[in-house]
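*Asks:* mind folding the following:
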Amino acid sequence: RPGAGMERAELPAAAFERRVLRRAAEHHYLRVRLELPDGGARPSAVQFKQLVVSALRELHGEVGAALPVDVLTYEEKSLSSILRVISSGLVKLWSALTLVGVYQNRRCAFRVLQTSPFLLALSGNSRELVL
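*Replies:* Down below sits the predicted model:
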């Protein structure tokens, strides 16, 4: 046996621990902003929610409109909001918002700024941090 005189030291196995979520998150949260290029009337919180529901209805029909979506916060000044949706409906909501192009006969667009299964993750944005 070549090299039998040289004993090779066994390296300890790397400590690796795999963690798997036992249960997927029940909800997902999205920080979104409605962009209206002209300076017309801004939607109220109720109108904003109606716009979200109508976007779901337009793309996914009545089943999509029945998707439970909550408007947790809405700032009329910046037209930004935090939405909560059940995790299984995240793709439906995101796709419906992406395809919105008109609000009260004016061009508009939804921008999804952040998304997370944890609400706390949306509480701050490191890109907007002022030191």
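*Asks:* in the chain, which segments are predicted with low confidence?
*Replies:* The model of the chain has pLDDT under 70 over residues 1-14, 18-23, 125-131.
*Asks:* all helices in it, in order from the N-terminus.
*Replies:* 45-65, 90-98 (DSSP state H).
*Asks:* winner for burial among those?
*Replies:* Among these, the stretch with the highest mean neighbour count (mean count of other CB atoms under 10 Å) is helix 90-98, at a mean of 18. Where C-beta positions appear, they are placed from N, C-alpha and C, glycine not excepted.
*Asks:* what's the angle between it and helix 45-65?
*Replies:* Relative orientation of helix 90-98 versus helix 45-65 (axes from the mean of the first three to the mean of the last three CA atoms, to 10 degrees): 130 degrees.
*Asks:* what sits against the residue nearest the centre of the chain?
*Replies:* Of all residues in the chain, the one closest to the mean position by CA atoms, centre = their mean is residue 115, 2.6 Å from it. Listed by CB atoms under 8 Å, 6 or more residues apart in numbering, the contact set of residue 115 reads 28, 29, 30, 31, 90, 94.
*Asks:* hmm, try it at 10 Å
*Replies:* When contacts are counted by CB atoms under 10 Å, 6 or more residues apart in numbering, residue 115 is found next to 28, 29, 30, 31, 32, 83, 85, 90, 93, 94, 121, 122.
*Asks:* hmm, back to that, for residue 76, which of the helices of the chain is the nearest?
*Replies:* helix 45-65 (7.2 Å; CB to CB).
*Asks:* about what we covered before: I'd like the helices of the chain as CSV, with distance to residue 38 appended.
*Replies:* Formatted as CSV, the helices of the chain follow (distance: least, CB to CB, whole Å):
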stretch, distance to residue 38
helix 45-65, 16
helix 90-98, 20
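*Asks:* between those helices, which gets nearest to residue 79?
*Replies:* Using CB to CB as the criterion, the shortest distance between residue 79 and the helices of the chain is 7.9 Å, found for helix 45-65.
*Asks:* contacts for the closest one next, please.
*Replies:* Defining contact as CB under 10 Å, 6+ apart, one finds that helix 45-65 is touched by 32, 34, 41-44, 66-67, 69-71, 73-76, 79, 81, 83, 85, 89, 92-93, 95-104, 108, 110.
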